[in-house]
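# sequence and predicted structure are below.
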Amino acid sequence: MSYELRSARYLAREVLERAVRPEGTVVDATMGNGHDTLMLCEAVGPAGRVYAFDIQQDAVKETEKLLKSQGVYERATLINAGHEHMKDYVKGPVNAVVFNLGWLPGGDHTITTRWETTSRAVQAALDLLGTGGVLVICAYPGHEEGDRERQELAGFLSALDNRVYNVLRQQFLNANAGAPECFVVQKTGK
Ligand SMILES: C[S@@+](CC[C@H](N)C(=O)[O-])C[C@H]1O[C@@H](n2cnc3c(N)ncnc32)[C@H](O)[C@@H]1O
């Protein structure tokens, strides 16, 4: 098989690899262990900038270690704060914003993203996007708060003005309950 339809994380990565430009400014709204931050640092190149947020100090430390080991730490600004404060740290327009919702793999499952703050951060991300910029969100409805986030997010994004944003939802219709979903928004207008 030369091409395989795969899960939310793969679509997120594909979109980001196509949309993020060298020298771009991008945001990782949920830094975690830094895998997305690393990918974004590689995509923007030495003249780009990646702003990454996490409320957990451990996530910031792990990400710092990873980026240093890969020689791209200078491209990133790691911020130990909630993504709902994004606009206090980042000046638009940005090329891409990525959210990987939920909790830190291998970490404390009680420290998870929550719709109250996710919604404010998603609005901030939409405000910061430049024309052609993308917002990519992976949601994990396999736990109660994740399911709430997925449902609220779907309603919120469905209401966006289609003269300004294109909104895509990736959902495997025959998947087991709780399968991750990917939402992609592209700003096409002003
Ligand atoms: C699924 S993990 C992210 C994984 C990460 N993208 C990676 O590549 O390793 C979700 C992260 O969101 C963080 N988080 C929860 N609430 C947050 C908030 N309000 N602002 C920023 N990060 C938050 C958690 O601490 C956790 O590390």
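That came in fine, so what should we check first?

# closest to the centroid, which residue in the chain?
With distances taken as C-alpha atoms, centre = their mean, Val98 lies nearest the centre of the chain, 1.6 Å away.

# identify the residues contacting that residue.
Ala12, Leu16, Val26, Val27, Asp28, Ala29, Thr30, Asp36, Leu40, Leu135, Val136, Ile137 (C-beta atoms under 8 Å, 6 or more residues apart in numbering). Using the backbone N, CA and C atoms, a C-beta is placed for each residue, glycine as well.

# beta partners for it?
Here Val98 sits in beta bridges with Asp28, Val136, going by DSSP bridges.

# and it, how far is that from Glu145?
Counting by C-beta to C-beta, to the nearest Å, the gap from Val98 to Glu145 is 19 Å.

# swap in Ala96?
Using C-beta to C-beta, Ala96 is found at 25 Å from Glu145.

# just to revisit the earlier point, check the contacts of Val98 against the ligand, which are close?
Restricting the contacts of Val98 to those adjacent to the ligand (criterion: C-beta under 6 Å from any ligand atom) gives Thr30, Asp36.

# can you lay out the contacts of Val98 as JSON lines showing neighbour count, distance to Trp103 and pLDDT?
Written out in JSON lines, the entries for the contacts of Val98 read as follows (neighbours: other C-beta atoms under 10 Å; distance: C-beta to C-beta, whole Å; pLDDT from 0 to 100):
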{"residue": "Ala12", "neighbour count": "24", "distance to Trp103": "17", "pLDDT": "95"}
{"residue": "Leu16", "neighbour count": "22", "distance to Trp103": "21", "pLDDT": "96"}
{"residue": "Val26", "neighbour count": "28", "distance to Trp103": "23", "pLDDT": "98"}
{"residue": "Val27", "neighbour count": "31", "distance to Trp103": "20", "pLDDT": "98"}
{"residue": "Asp28", "neighbour count": "30", "distance to Trp103": "16", "pLDDT": "98"}
{"residue": "Ala29", "neighbour count": "27", "distance to Trp103": "14", "pLDDT": "98"}
{"residue": "Thr30", "neighbour count": "25", "distance to Trp103": "10", "pLDDT": "98"}
{"residue": "Asp36", "neighbour count": "26", "distance to Trp103": "15", "pLDDT": "97"}
{"residue": "Leu40", "neighbour count": "27", "distance to Trp103": "21", "pLDDT": "98"}
{"residue": "Leu135", "neighbour count": "26", "distance to Trp103": "21", "pLDDT": "98"}
{"residue": "Val136", "neighbour count": "26", "distance to Trp103": "19", "pLDDT": "98"}
{"residue": "Ile137", "neighbour count": "27", "distance to Trp103": "15", "pLDDT": "98"}
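
# ok, of the contacts of Val98, which one's closest to Arg120?
Within the contacts of Val98, the smallest distance to Arg120 is 11.0 Å, found for Ala29 (C-beta to C-beta).

# go ahead and confirm that closest one touches Arg120.
No - between Ala29 and Arg120 there is no contact under C-beta atoms under 8 Å: 11.0 Å.
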